[in-house]
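Peer 1: here is my input, please return the structure:
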Amino acid sequence: PLRWAVRGGVGLFFHSWVRVEARGLEHIPREGPFILAANHSSHLDSAAVLTAVAPAIREAGRRVYIAGAADYFFNNRVKSWVFGSLCDTIPVDRNADGMEGLRRCAQTLASGQGLLLFPEGTRSLTGEIQPFKLGVAVLALEAKSPIVPVHIENTYDLLPKGRVLVRPGVVRVTFGRPVPMGDISEHGDFSSRYQAYQQLTSTAQRAVESLGKPGASRAAS
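Peer 2: Have a look, this model is predicted:
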């Protein structure tokens, strides 16, 4: 009950003070695991994406977990309980190699659920998309999970990093077609696998960036 109360409160917030417009929901896979790879510039991003994707996963009884920074969302017992138990957040250590967090994410994908990932690793200070890290490609190729590019628009204006109060407004969340992936088994040695990770990471970033271009969100709707 507490979990649903929290989710209901977030949903109410994103249908009143801040409204979410979702486009491209037909690109969410109907079955099997998937990764939502989104740009990141605000603490509103996670809740906005989960609100937008809810209609596509609700009927199937599926869940989307969030890969979150361990040093921010799990730095005390209260936050660990709230984000870990109520908000389906998986801790990822940004100050280490992050392998334990990636393993937890891989386990979530192996169970057939969705995963929301912010490949930039942290919020943008300018609203511009920063270089993606390789983790999104490692998870996608090793877990054989499609990457669905997601572009979030206007959260930076409503709640940029360092601001406390949220401005009212509309957040647009656009889901694109899954990014084409190769077969990692074709890359036997470390060098070729690393190149495959780099290539897929770059492809995913370009896909997210393209969704933010004028007219792209309308085309996805």
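Peer 1: so what's the nearest residue to Ala143 once chain neighbours are set aside up against?
Peer 2: Nearest residue to Ala143, sequence neighbours excluded (Cβ to Cβ, 6 or more residues apart in numbering): Leu109, at 4.3 Å. In this view, the C-beta of every residue, glycine as well, is placed from N, C-alpha and C. Residues counted as contacts of Leu109 (Cβ atoms under 8 Å, 6 or more residues apart in numbering) are Pro33, Ile35, Leu115, Leu139, Ala143, Ser145.
Peer 1: doesn't Arg63 make contact with Asp88?
Peer 2: Yes: using Cβ atoms under 8 Å, Asp88 makes contact with Arg63 at a distance of 6.1 Å.
Peer 1: overlap in contacts, the two.
Peer 2: With Cβ under 8 Å, 6+ apart, Asp88 and Arg63 have no common neighbours.
Peer 1: neighbour count winner among those two?
Peer 2: Asp88 (21 against 14; other Cβ atoms under 10 Å).
Peer 1: circling back to that earlier point, which element is the residue nearest to Ala143 on?
Peer 2: Leu109 is part of helix 99-110, with elements assigned from DSSP states H and E.
Peer 1: cool, and Ile57?
Peer 2: Per DSSP H and E: helix 45-58 holds Ile57.
Peer 1: related to what we said a few turns ago, return the set of buried residues in the helix holding Leu109.
Peer 2: For helix 99-110, burial by neighbour count (16 or more other Cβ atoms under 10 Å) applies to Gly101, Leu102, Cys105, Ala106, Thr108, Leu109.
Peer 1: quick check: next helix or strand after that helix?
Peer 2: With elements assigned by DSSP H and E, the helix or strand that comes after helix 99-110 is strand 114-117.
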